[in-house]
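[1] Provided below are the primary sequence and the corresponding predicted coordinates.
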Amino acid sequence: MSAFFKSVETFQKEVSNEGARLQIAYGDLQDIFKKLKDEVPEWTDIYVNRDESSFGLERDKEAGKIFQELGITAHGFHDHYMHSAQEIKTNGGTAYKVFTPYYNKWIERQKSDPVRVDFSSDTILKEQLFLKDNDKFQNFLNELAPIPVTEFGTKEAHRLLDSFIENDLKAYKEARDFPLKDATSRLSKHLRTGEISIRTVFNKVMSQEETKGRTTFIQELAWRDFYNMIYASHPDQKDAPIKKAFTKVEWDNNEENFKAWKEGETGFPIVDAAMRQLNETGWMHNRLRMITASFLTKDLLIDWRWGEKYFQEKLIDYDPASNIGGWQWAASTGTDGVPYFRIFNPTTQSERFDKQGDFIRKFVPELNKVTDKKIHQPEKLTEKEQKEYKVIIGKDYPEPIVSHKNKRKLAIAAYEKSKKAM
Ligand code: FAD
């Protein structure tokens, strides 16, 4: 949330550099729009990028009624995704459950301008009409929880896109899974706030030479649309598993383990490095989001909703559809999720995607001196090695809080029990 308002603040500066003024109003929807209409009676039209699910959808419906009462023509658009939730349907007109057939239709469908919804009018907004009282927003910003230092704004978003295309797009397919390589676009927070349009990203990438990297990247953009579509067709998915068979999983929900996970103190270096990356920067690499979400739900048997809410608190790119979708994927409760019996082994994931351990070293400095081979399982260091590498296990860095081998079996049993009970 804080990140969103920081982005608005940056936008405010950007438009002021262009000689315009952006005024921000906040408060009760009805009061604000009434006040605005009272102050500016010549206000006749409003242009809105509409939400398709959950809180945003309800808010837009309420706003629609208010505009009608005030005699204001509302022009709605769907412009946050390449294709809105209702656009890509099966031939039978139902929502897709699996990504690949969805993607096949998504990629074939012509990419056009934003889809206009609900209202039509040719009237153009004549002036910039805003409330005069702008100090309140500054006070509001000052009161927000601090967020990690990070760049916002359209300029930064375009710089990132250009740099990604030049340096990383071609090799994206192979490099995207390695956190240390930093080979992904980092565009998520800019897409979330609309600092860059999804159409700009799509068109610029598609204008590049066709490579495996390009195809994979475009597929990731389609995942973003896919999860939006899933959220719109399962409005209760923040609280309810999509796969009903897993409604009755008996979560362990151990508070101490949850705290260790949040703080990056689990004794599993790759999990700890990832959680510290999240806490320190407000962003986490996709491979690590999968590893930490799998670890929380399968190794600790903690309810995926707890993890989803923690990510919501911390992520500067928090997007309800993608976050809930990602969590339900990892917890095997979602549509097209990872099968419940295919559980990530955090150690082998670490050996595979951070072979030399340099990502771990970056965020877990206690393990700085441990060799590449031993860094993935520091609990196996001998006393002599612990002294040599200046890390005493259990004192400077925790012992693993669980046994992966045992917990794996328990998780599978818990999922199977729920399946049988349903
Ligand atoms: P890139 O690899 O450069 O991808 C380009 C863009 O494609 C991203 O910016 C994003 O908009 C989209 N994208 C990529 N992967 C996915 C995906 N798996 N699902 C949906 N869209 C994707 N993404 C969010 O934007 N907000 C979230 O709150 C969020 N929570 C997640 C939680 C979990 C448990 C998991 C497993 C994934 C989550 N993701 C989320 C998806 C993904 O991890 C991020 O979009 C990605 O890491 C952002 O980095 P990037 O911009 O460098 O991605």
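    Cool, got the structure. Residues are numbered from 1 along each chain as shown.
[2] residues from the stretch 301-422 of the chain in reach of the ligand?
    Residues of the stretch 301-422 of the chain lying close to the ligand (Cβ under 6 Å from any ligand atom) are 311, 315, 317-319, 322-323, 326-327, 330. Backbone N, C-alpha and C define where each C-beta goes, glycine included.
[3] backbone phi and psi for the closest residue to residue 84 other than its chain neighbours, please?
    Excluding its sequence neighbours, the residue lying closest to residue 84 (Cβ to Cβ, 6 or more residues apart in numbering) is residue 78, at 3.8 Å. Residue 78 has phi and psi values of phi -110, psi 100 when expressed as degrees, to the nearest 10.
[4] same check on residue 242?
    Torsion angles, degrees, to the nearest 10, at residue 242: phi -70, psi -40.
[5] contact partners for whichever residue of the chain sits closest to the ligand?
    Proximity of the chain to the ligand (Cβ to the nearest ligand atom) peaks at residue 326, 2.5 Å away. The neighbours of residue 326, taking Cβ atoms under 8 Å, 6 or more residues apart in numbering as the test, are 227, 289-290, 293.
[6] give me the subset of those residues touching the ligand.
    Applying Cβ under 6 Å from any ligand atom, the subset of the contacts of residue 326 adjacent to the ligand comprises 227, 289-290, 293.
[7] and what about residue 77, helix, strand or coil?
    Using DSSP: H, G, I helix; E, B strand; the rest coil, the structure places residue 77 in strand.
[8] repeat for residue 82
    coil.
[9] isn't it right up against residue 202?
    Yes: contact criterion Cβ atoms under 8 Å: residue 82 and residue 202 qualify, at 6.0 Å.
[10] who has more neighbours, those two?
    Higher neighbour count among residue 82 and residue 202: residue 82, with 23 against 16, using other Cβ atoms under 10 Å.
[11] just the pLDDT for that one.
    As predicted, residue 82 sits at a pLDDT of 94.
[12] could you list every residue that touches it?
    106, 111, 198-199, 202, 221-222, 225.
[13] and the pLDDT at residue 113?
    On the pLDDT scale, residue 113 is placed at 73.
[14] element containing it?
    If you go by DSSP states H and E, residue 113 is not part of any helix or strand.
[15] neighbours of it, just the number please.
    Residues contacting residue 113 under the criterion other Cβ under 10 Å number 8.
[16] angles on the backbone of it, please.
    According to degrees, to the nearest 10, residue 113 has phi -70, psi 170.
[17] and if you look at residue 147?
    According to degrees, to the nearest 10, residue 147 has phi -120, psi 160.
[18] nearest spatial neighbour of it, skipping sequence neighbours?
    With Cβ to Cβ, 6+ apart as the criterion, residue 147 has its nearest non-adjacent residue at 4.6 Å, and that residue is residue 2.
[19] and what of residue 219?
    residue 103 (6.2 Å).
[20] likewise residue 278?
    Nearest residue to residue 278, sequence neighbours excluded (Cβ to Cβ, 6+ apart): residue 284, at 4.4 Å.
[21] ok, that neighbour touching residue 277?
    Yes: Residue 284 lies in contact with residue 277 (Cβ under 8 Å); the separation is 5.4 Å.
[22] the two: which is more packed in?
    For residue 284 versus residue 277, neighbours defined as other Cβ under 10 Å are more numerous around residue 284 (24 against 20).
[23] pLDDT below threshold where in this protein?
    Along the chain, segments meeting pLDDT under 70 span 1, 117-138, 140-141, 144-145, 149.
[24] can you give me the strands for it?
    Ranges of strands in the chain, per DSSP state E, are 45-49, 73-78, 115-117.
[25] closest one to residue 243 among these?
    strand 73-78 (28.0 Å; Cβ to Cβ).
[26] what angle separates that closest one from strand 45-49?
    20 degrees (axes from the mean of the first three to the mean of the last three Cα atoms, to 10 degrees).
[27] what residues sit buried inside strand 73-78?
    Under the neighbour-count criterion of 16 or more other Cβ atoms under 10 Å, strand 73-78 has 74-78 buried.
[28] parallel or antiparallel, list what pairs with it.
    strand 45-49 (parallel), strand 115-117 (antiparallel) (DSSP bridges).
[29] would CSV of these with distance to residue 180 and mean neighbour count be doable?
    Putting the strands paired with strand 73-78 into CSV (distance: least, Cβ to Cβ, whole Å; neighbours: other Cβ atoms under 10 Å) gives the following:
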stretch, distance to residue 180, mean neighbour count
strand 45-49, 36, 16
strand 115-117, 40, 15
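[30] want to try a markdown table for those, with distance to residue 373 as columns?
    As requested, those are exported to a markdown table (distance: least, Cβ to Cβ, whole Å):
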| stretch | distance to residue 373 |
| --- | --- |
| strand 45-49 | 51 |
| strand 115-117 | 54 |
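[31] export the ones you listed to CSV and tack on distance to the ligand?
    CSV is the format used below for those (distance: least, Cβ to the nearest ligand atom, whole Å):
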stretch, distance to the ligand
strand 45-49, 16
strand 115-117, 19
